[in-house]
Each structure stands twice: as structure tokens, then as C-alpha cells.
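Peer 1: What shape does this take:
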Amino acid sequence: MSSINLSSCIKEKALGIGYDLCGITPVDLVEEYSSRLDERIRNFPESRTSYEMLYPLAFPQKNVEWAKSIIVCVRRYGKYKIPKELDGYIGKAYLVDGRLKHSKEYSWRLEFEAYLNGLGIKYAYGIVPARLAAVNAGLGRIGNNNFFYTKEYGSWVFIETWVIDSELEYDKPTRSLNCPDNCNKCIDSCPTGALNMPLSMNWGKCIANLTSGLNSQTEGLKAKMGTWVYGCDVCQNICPKNKNKWEEKENFIDLSDITPHLSLESIWKMDEDTFLDVIQPRFWYIGQDGLWIWKCNALRAMANSGDQKYYKYIKEAVEDPDQNIRNTALWACQKLGI
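Peer 2: Prediction:
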């Protein structure tokens, strides 16, 4: 089969399974990711460690010497109903996460990989910078907030990549910026100042990162982190390119079952068994020893909400045996003057 025909068959299969977009790019185009990381480290040396971990993504050939092409598939998640009580607390992408093994989206990946196996194609999943690969595959553009945008669905999409051992017909990259010159809404709205210029971000100050654990920058940013407990959607919510792109058409599997566990009160009262059985397997960026992180995030969100109904929990937390929880509670008491 010619590279043109094989490329067409692969794309047709991906779209037939359920993916919304599919493109293909040569593997060497992602090497520029390394220079972008160099720039981030120069601009934000305090976040060096976070960025240094990402360098292997720029050179997949070091992990799989047979790497020649990258297949990129994009699936829309901005079609699911989001419980109103979780808006502003949990990032939407994590509520409708198609990487969960019981989701229909995960079955798409398995079916697609079985198809590649049937063609005799070697592949490695998720070992390249997904957003850059998607741009190189002509599927969309990067916005000022560093998110990948498609014309059809905005930034409410998830990108999946497979490095393969075959040379295919490649799509034309879409290199131009997605945003008008005079739009800085995402930068101006970033609560912690993680976004300080177009196409740049201090990962160490990003709320999505800060909610996954305490670091040296967290202490001075608690008041700016608002009520976000896990993730953050501020820069995507404010973006004009996302206007009317989220359509609540479908229910995501078991989201209604887990929602009651995600109120601030429920998180504060949560026991270890519930955390390990219900919460952690779904929100895995916080590890199995991270219940205290969830409780610290909930206490901080309680304080930033200013709602007096939370005062009793904050005062109770001052006596908690965990020092991190006590410290967060003391900060909350000082902020609220209680």
C-alpha cells in the first residue's frame, strides 16, 4: 500500500471510530520543542525542574529508534454536561477524562491501536509534545494561553499521539497564531500571573499545577487561587475563540455519581478509603498519599469563597494532626479574621 493510501486509510479509521480530527506529521518536526523549553527555563528559572522533565518529548527517537511519523488524533470533550456545582472548582477536562479505562473514548484508543497492529505498524503512545504535534499535523493552532485550538471546537479538545515506524503522507503545519494582535484576555485574567505574555507561561505559578501539590510558590499565591480545587479553566473560559464552543449535549459516564464527593464539605470530611476507592483513581495527578492535598485545597477554597458556612470546618482543621492542613487552616483563619 502506498504512503498516500495508507495515510488515507488510517485517517478514515480514526474518524470512523469516533475521533473528530486526525492528521500526520514527520517525527523530526517536534525537535523544536527543546528550544521552547530552553526559552521557558531562561524566563522562569524557578520552574526549571518542571520543564527539564519534558525534554525527552522532543526526541522520541531516543526511546524508539524506529520512529518516523506521528499520528495525531483529536477528540472533542466540550460536548458533555458539567454539574453547575463543580464549575469554578474542578477543571472540566478532568471531569470528562477520556483516559479513564471505563470511558468510551478509551475504547477508541484500544480499537485504533488494534488497527495499527493489524497493519503491522509499530507504535508508541503519548511520547511527544501533543500540542506541537497537532499543530504540525495541521489540525489547529496555538493560542496566547498556550492551549491548542481547533476551528470547530475551540480548545475543549484532547490530543492523542502515536509515534509509528512508517513514513506516510504528511499534512501541512498550521503555524500562525490563533489570536488577534490586540487580544490579551487570557493573560489579563490569569489569577496568579502564570500567563505574563503571549505564548509563555510560568508552570510553577499555574493553578492547574499548584492544585496538584504544594511547592515553593504556593504559599504566596493561595489568595489568588480562588476556589479551584483541581485544575483551572479561567484562561479558556475567558477566551473569545471558545465562545459557544461548549455544548452540553451528552452525559459523561458516572459523573453524576462522583459529583457529591467533590463538594468542599465532602472533601474536608473525606476518609482514606473513599479517597483511594473513588477519588484518586479518577484524579490521578494527586497521588495515593495525597488526601491531605485535597483537604488543603478545599480549605483554601473555603477561605477564598468567604462563605461563613465553612468557618466551622476551617476552625476544626486548626487542630488536624497533619501539619500542612493545620498551616492552611491557620492561613485561612488569618485571611478571614476568625
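
Peer 1: Could you use CA atoms for every contact and neighbour count after this?
Peer 2: OK.

Peer 1: Which per-residue confidence value corresponds to residue 214?
Peer 2: Per-residue pLDDT puts residue 214 at 68.

Peer 1: Next: the one 4 residues further on.
Peer 2: In the prediction, the pLDDT value recorded for residue 218 is 72.

Peer 1: Is it in contact with residue 210, as I believe?
Peer 2: Yes. Using C-alpha atoms under 8 Å, residue 218 is in contact with residue 210, at 6.3 Å.

Peer 1: More neighbours: the two, which one.
Peer 2: With other C-alpha atoms under 10 Å as the criterion, residue 218 and residue 210 differ in neighbour count, and residue 210 comes out ahead with 25 against 20.

Peer 1: From residue 265, how far off is that one?
Peer 2: Distance of residue 210 to residue 265, computed by C-alpha to C-alpha, to the nearest Å: 21 Å.

Peer 1: tell me which element residue 166 is part of?
Peer 2: Using DSSP states H and E, residue 166 sits in no helix or strand.

Peer 1: Disregarding residues adjacent in the polypeptide, which is nearest to it?
Peer 2: On the basis of C-alpha to C-alpha, 6 or more residues apart in numbering, the spatially nearest residue to residue 166 that is not a chain neighbour turns out to be residue 68, at 5.8 Å.

Peer 1: List the buried residues for stretch 206-225?
Peer 2: 206-213, 218, 221-223, 225 (16 or more other C-alpha atoms under 10 Å).

Peer 1: same question, stretch 281-290
Peer 2: 282-283, 285-286, 290.

Peer 1: same check, this time on stretch 179-189
Peer 2: Neighbour-count burial for stretch 179-189 [16+ other C-alpha under 10 Å]: 179, 184, 186-187.

Peer 1: ok, how many other residues are close to residue 241?
Peer 2: The burial count for residue 241: 19, using other C-alpha under 10 Å.

Peer 1: again, but for residue 49
Peer 2: By other C-alpha under 10 Å, 11 other residues sit near residue 49.

Peer 1: wait, which of the buried residues of stretch 281-290 is closest to residue 92?
Peer 2: residue 283 (11.8 Å; C-alpha to C-alpha).

Peer 1: Okay, and the most centrally placed residue in the chain sits in which element?
Peer 2: Closest to where the C-alpha atoms of the chain average out (C-alpha atoms, centre = their mean) is residue 93, at 6.4 Å. Using DSSP H and E, the element containing residue 93 is helix 92-95.
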